[in-house]
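>>> Curious how this folds, go ahead:
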Amino acid sequence: MRNKDYHHTAIIEAATAEFMEYGFKDASMRRIANAVGMSAAGLYKHFASKEEMFSALVEPSYQGLLSLFGSEAGEQAKAVGTGDLSGFESVGDAKLAMTYIYDHLEAFQLIVCKSQGTKYEGFLHDIAVLEEKTTLSFMETLKTQGVPIKEFRFPELHLLTTANINAVFQAVEHGFTREEAMHYADTLDSFFSLAWREFFGY
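Residues are numbered from 1 along each chain as shown. Below you'll find the model as predicted:
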């Protein structure tokens, strides 16, 4: 069992290095197998496909980010009942998201920069759509509490939400250090908190 665990750990390390260098599309299962001193057939006993291997590297971090967004949405919804709208100033809270991203940086480097050809290549769009739905739900809750909200065009909300999400992950694309990313996150939160208040007019 220890030997099997050792090989599995070695495969994960070799696969991460391979995907980082070549991206999913050009990564080679044979090269990964060679890196850990086993045959391709032996490698497939651990992972049935290259897709399964890539998913094993990124899925836990991806699901954790979704959970983080869900928790933040719940906190914002609670704030509505108290009449405190300050929680909405940080819609898409860049500092919170950036901290999580940089705690799992390798996974998000793979998702954002190396996932072409996988189900994760539409990651930024999928996250933006999720954030858009959460925002719309929150705005409807605000309206039921009597908070006046400006009329707005939904396509514009979609584009602005996409811009907000993309802005966060630009830190990953541009290879920011953690320190640079945290400073950038503070800048994003200051910028977008004012922008969202202007857009919704509350």
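>>> Can you give me the domain assignment for the protein?
1-48, 56-200 (automatic domain parsing).
>>> As CSV, the ones you listed with mean neighbour count would be great.
Quick note: C-beta positions are derived from backbone N, CA and C, even for glycine. Formatted as CSV, the domains of the chain follow (neighbours: other Cβ atoms under 10 Å):
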stretch, mean neighbour count
domain 1-48, 15
domain 56-200, 16
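>>> Would you mind checking which of those domains scores lowest on average pLDDT?
Of all these, mean pLDDT reaches its minimum on domain 56-200 (a mean of 86).
>>> start to end distance for that domain?
40 Å (Cα to Cα, to the nearest Å).
>>> what's the distance between it and the middle of its chain?
9 Å (Cα atoms, centre = their mean, to the nearest Å).
>>> what comes into contact with stretch 101-120?
Around stretch 101-120, the neighbours that count as contacts under Cβ atoms under 8 Å, 6 or more residues apart in numbering are 16, 19-20, 23-25, 51, 54-55, 57-58, 60-62, 64-65, 121, 123-124, 168-169, 171-173, 178, 181-182.
>>> actually stretch 26-36, not the one I wrote
With Cβ under 8 Å, 6+ apart as the test, stretch 26-36 has contacts from 7, 10-11, 14-15, 17-19, 22, 39-40, 42-44, 50, 53-54.
>>> Let's verify residue 151: helix, strand, or coil?
Using DSSP: H, G, I helix; E, B strand; the rest coil, the structure places residue 151 in coil.
>>> mind listing what residue 186 touches?
94-95.
>>> Against residue 157, how distant is it?
24 Å (Cβ to Cβ, to the nearest Å).
>>> What sits closest to residue 25 if chain neighbours are left out?
residue 117 (4.3 Å; Cβ to Cβ, 6 or more residues apart in numbering).
>>> Backbone dihedrals for the one you found, please?
When quoted as degrees, to the nearest 10, the phi and psi of residue 117 stand at phi 100, psi 0.
>>> likewise residue 194?
With angles defined as degrees, to the nearest 10, residue 194 sits at phi -70, psi -40.
>>> mind listing what it touches?
Counting by Cβ under 8 Å, 6+ apart, residue 194 makes contact with nothing.
>>> The host helix or strand of residue 137: what's the following helix or strand?
Using DSSP states H and E, residue 137 sits in helix 123-144. Downstream of helix 123-144, the next assigned helix or strand under DSSP H and E is helix 154-173.
>>> What lies in contact with that following helix?
So helix 154-173 is contacted by 91-92, 94, 97-98, 101, 105, 108-109, 112-113, 124-125, 127-129, 131-132, 135-136, 180-181, 184-185, 188, 192, 195, 199 (Cβ under 8 Å, 6+ apart).
>>> Only C-alpha atoms, please: export stretch 155-162 in CSV.
Only the C-alpha atoms of stretch 155-162 are listed here, as CSV (Å, rounded to 0.1, in the frame of the first residue of the first chain):
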residue,chain,number,x,y,z
PRO,A,155,-26.6,42.2,-21.0
GLU,A,156,-24.7,45.0,-19.3
LEU,A,157,-24.8,43.2,-16.0
HIS,A,158,-23.4,40.1,-17.6
LEU,A,159,-20.6,42.0,-19.3
LEU,A,160,-19.7,43.9,-16.1
THR,A,161,-19.8,40.7,-14.0
THR,A,162,-17.5,39.0,-16.5
